[in-house]
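**Q** what follows is a predicted structure for the sequence shown.
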2 protein chains.
Amino acid sequence: MAQITIKEIASMCGVGVSTVSRAINNHPDINPETKKQILDTIREYNYVPNNSARNLKRSESNTVAILAKGISNPLFADLIQSLERDIMDKGYLCVLQQVEEEENEIEVALRLEKEKRLKGIVFLGGASHPKAEKLRQLPVPYVICTVDAAMDEGLDNYGVVSIDDEAEFFRLVDYLCNLGHRRIAILTAYAHDTSIGKLRLDGYCRALKKHGIEYDESLVVRMDRKVQTYSIKNGYQTTKELLESKVPFTAICAISDTLAIGACKAVFDAGYRVPEDITVTGFDGLDMAYYYQPSITTIEQPLSEMATETSRILFELIEDKGGKKKHIFEGRLREGQSTAPVK
Amino acid sequence: MAQITIKEIASMCGVGVSTVSRAINNHPDINPETKKQILDTIREYNYVPNNSARNLKRSESNTVAILAKGISNPLFADLIQSLERDIMDKGYLCVLQQVEEEENEIEVALRLEKEKRLKGIVFLGGASHPKAEKLRQLPVPYVICTVDAAMDEGLDNYGVVSIDDEAEFFRLVDYLCNLGHRRIAILTAYAHDTSIGKLRLDGYCRALKKHGIEYDESLVVRMDRKVQTYSIKNGYQTTKELLESKVPFTAICAISDTLAIGACKAVFDAGYRVPEDITVTGFDGLDMAYYYQPSITTIEQPLSEMATETSRILFELIEDKGGKKKHIFEGRLREGQSTAPVK
């Protein structure tokens, strides 16, 4: 293959070779528009910098990793696309790594950093109380996205971008209580969940308390460990069992839209209607909840703003070396057709 | 961090250091059970091989890349999880790379191979007639998965794992014709699509022909370029426009389950019922189609078998160096509640 040279890239963009080099190496001393034009040209012609100076520079790493806990989580799909674009626009390579449910995402990051010498890390999902002694071992800046993680005071060189999971779930259950529901089942994570499941369950409890409703363990339905976490199928199975248990309830609030869709289908298959017989709510604001029949009432996370903020913070940390940034976004209650006042 | 050593791994597994090394380097001369035990231990203790011999070996690369055209495609989520597990079980690192809609996946692969020195590549999605002169430049084996790609005779060192897109779509439309439908709209890809969209449209045309139904361009609905490809929203928008056009039809067959879900919602929002007024079908066999209300009739791809076969072929190619393997799986018509005989 006749590989295009850095000189040809420079001449096409009407700049010198050193400017192209600055664009590639993410040097601050370059006009942003020029840089964008150069990086676009590089991409268009598939130019791969491969001279030795560049390789030297590269051994210092130009890779940013995205670690997603559950790549099949549809919530992450749009985030990943947007993050990848931002990372590549900055002249970095982007590596996406799946973290299995039973894996610790910080350990995966430590391993990956050793193998790939990363420049920065984005965590999608993960623990709500990540272990400080492990995070401290990470030699590069990182941003935790979509979990309102409680960070140890001694930590530095990180960002957190999220909604307030507890407060938003409180908002949703408060809304259900205001519709008159008092027997509200929750479809939540495993008993010892240490991530968003715990935070959202906390919000549920606080809303019940506010409305003087006693917490009833028989209305707390945990995901089925034998079925994929947060899958539609998991919501279906657990709701089916709840219905069969004959425990009375008028509403189900699921901690994700996927679980809520499964819940609706179980309600239909049992011969009931949503929302006439049973009200169902989700969480996250996925398209599939919007287009479900009936469309599902949910809390919408501002994903596109969250993605932009995540990469903005990450590159601020990479460039400035250090700092703690936390940006908690506000969710939005999106009313669908799946909720109705109690009869 | 007190890094665990290869000696400790060996002693924990009750084997010699050379056996651990064989497991890591994927040497054929090792008992598969011993190998699995060693790799499990390595993962459990986050052992990172970092002696110089290993580094030498590594510069030869132990990375396999998965290139997914449209990472938000829910069809790929399960495939990716299963492929990643297989790749890591073989002792390789796995890199996942998103390919944008407008990008050429082979060019992305060539670039990535230069940067990362890959050992093998899996393509998810992509062109149905990939350019031979580009594929020939790939210095490592690759498997194209989920596209029944027509490969140039001169190519070698590759695999194709797919269903027969044309034949399976034919099967679906044939089924609709047998239900008495003659005005069948198709929700398909752009006019110049060169991937599965083209193959599935071919199957549609052949089924019409078999049943003596004339091809009617006004029933061929193309995805909206302004909306994300294969998204639920795209199915919604295009079906909404089709309904507003007042072109008469009794069934819609979409080339993906996501488009079919959007189509159903547009039908509901226009005040019609599925399937009493309009029959709708999808394609792929996603969970979200199964749990939709009504559940959507679709063609199920045997994804888990396809994933296993893809990694099996890839490692066969990596180990044997060379060959052409093609495995076309049979799809399955999964009847849901979204189809009914024409009235």
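**A** Cool, the structure landed.

**Q** the lengthiest helix in chain A and chain B, are they touching?
**A** Longest helix in chain A by number of residues (criterion: DSSP state H): helix A:303-320. No: contact between helix A:303-320 and chain B is absent, the nearest approach being 11.7 Å (criterion: Cβ under 8 Å from any Cβ of the partner chain). Every residue, glycine included, has its C-beta placed from N, CA and C.

**Q** and what of stretch A:95-107?
**A** Yes: Stretch A:95-107 comes into contact with chain B (Cβ under 8 Å from any Cβ), by way of A:95-98, A:107.

**Q** now that stretch: buried residues?
**A** Going by neighbour count (16 or more other Cβ atoms under 10 Å in any protein chain shown), the buried part of stretch A:95-107 is A:95-100, A:104-107.

**Q** what residues does the stretch 201-343 of chain A have near chain B?
**A** A:231-233, A:236, A:261-262, A:264-265, A:268, A:287-288, A:291-293, A:295.

**Q** out of those, who's the most crowded?
**A** residue A:264 (32 neighbours; other Cβ atoms under 10 Å in any protein chain shown).

**Q** which stretch of helix or strand covers it?
**A** In this structure, residue A:264 sits in helix A:257-269 according to DSSP states H and E.

**Q** buried stuff in stretch A:236-247?
**A** Across stretch A:236-247, burial judged by 16+ other Cβ under 10 Å covers A:236-240, A:242-243.

**Q** now it: how far from the chain's centre is it?
**A** Relative to its chain's centre, stretch A:236-247 lies at 29 Å (Cα atoms, centre = their mean, to the nearest Å).

**Q** then it to PDB, C-alphas only?
**A** The C-alpha coordinates for stretch A:236-247 follow below in PDB (Å, rounded to 0.1, in the frame of the first residue of the first chain):
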ATOM      1  CA  TYR A 236     -39.700 -10.800  33.100                       C
ATOM      2  CA  GLN A 237     -38.800 -13.800  35.300                       C
ATOM      3  CA  THR A 238     -38.800 -11.900  38.600                       C
ATOM      4  CA  THR A 239     -42.100 -10.100  37.900                       C
ATOM      5  CA  LYS A 240     -43.600 -13.500  36.900                       C
ATOM      6  CA  GLU A 241     -42.600 -14.900  40.200                       C
ATOM      7  CA  LEU A 242     -43.900 -11.800  42.100                       C
ATOM      8  CA  LEU A 243     -47.300 -12.200  40.300                       C
ATOM      9  CA  GLU A 244     -47.400 -15.800  41.200                       C
ATOM     10  CA  SER A 245     -46.600 -15.100  44.800                       C
ATOM     11  CA  LYS A 246     -50.000 -13.300  45.100                       C
ATOM     12  CA  VAL A 247     -48.500 -10.500  47.200                       C
END
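
**Q** so for that stretch, what's the average pLDDT?
**A** Taken as a whole, stretch A:236-247 has a mean pLDDT of 97.

**Q** kindly reformat the buried residues of stretch A:236-247 as a markdown table containing distance to residue B:79.
**A** Output for those, formatted as a markdown table (distance: Cβ to Cβ, whole Å):
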| residue | distance to residue B:79 |
| --- | --- |
| A:236 | 22 |
| A:237 | 23 |
| A:238 | 26 |
| A:239 | 27 |
| A:240 | 27 |
| A:242 | 32 |
| A:243 | 33 |
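
**Q** and the strands in the stretch 51-200 of chain A, which stretches?
**A** Here the stretch 51-200 of chain A has its strands, by DSSP state E, counting those that start in this stretch, at A:63-69, A:93-99, A:118-124, A:142-145, A:158-163, A:184-188.

**Q** dump those strands into JSON lines; add mean pLDDT as well.
**A** Shown next, in JSON lines, are the strands of the stretch 51-200 of chain A (pLDDT from 0 to 100):
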{"stretch": "strand A:63-69", "mean pLDDT": "90"}
{"stretch": "strand A:93-99", "mean pLDDT": "82"}
{"stretch": "strand A:118-124", "mean pLDDT": "94"}
{"stretch": "strand A:142-145", "mean pLDDT": "97"}
{"stretch": "strand A:158-163", "mean pLDDT": "96"}
{"stretch": "strand A:184-188", "mean pLDDT": "97"}
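
**Q** any chance of the ones you listed in CSV with distance to residue B:337 as columns?
**A** Listed next are these as CSV, based on distance: least, Cβ to Cβ, whole Å:
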stretch, distance to residue B:337
strand A:63-69, 33
strand A:93-99, 34
strand A:118-124, 35
strand A:142-145, 38
strand A:158-163, 36
strand A:184-188, 24
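
**Q** and residue A:221, which of the three is it?
**A** Counting by DSSP: H, G, I helix; E, B strand; the rest coil, the backbone at residue A:221 sits in strand.

**Q** that older thread, can you tell me which of the buried residues of stretch A:95-107 is closest to chain B?
**A** The shortest approach to chain B among the buried residues of stretch A:95-107 belongs to residue A:96, at 4.2 Å (Cβ to the nearest Cβ).

**Q** give me the number of residues near the nearest residue to residue A:275 once chain neighbours are set aside?
**A** Distance criterion Cβ to Cβ, 6 or more residues apart in numbering or on different chains; nearest residue to residue A:275, sequence neighbours excluded, is residue A:340 at 3.9 Å. By the measure other Cβ under 10 Å, the count of residues near residue A:340 is 20.

**Q** returning to what we had before: what about the buried residues of stretch A:236-247, which are in helices?
**A** Residues of those located in helices (DSSP H): A:236-240, A:242-243.

**Q** out of those residues, which is nearest to chain B?
**A** For those, the nearest to chain B is residue A:236 (6.2 Å; Cβ to the nearest Cβ).

**Q** return the helix or strand in chain A with minimum mean pLDDT.
**A** Least confident element among the helices and strands of chain A, by mean pLDDT, DSSP states H and E: helix A:52-59 (a mean of 38).

**Q** helices of the stretch 101-250 of chain A, residue ranges please.
**A** Applying DSSP state H, counting those that start in this stretch to the stretch 101-250 of chain A gives helices spanning A:105-116, A:132-135, A:165-178, A:196-210, A:232-244.
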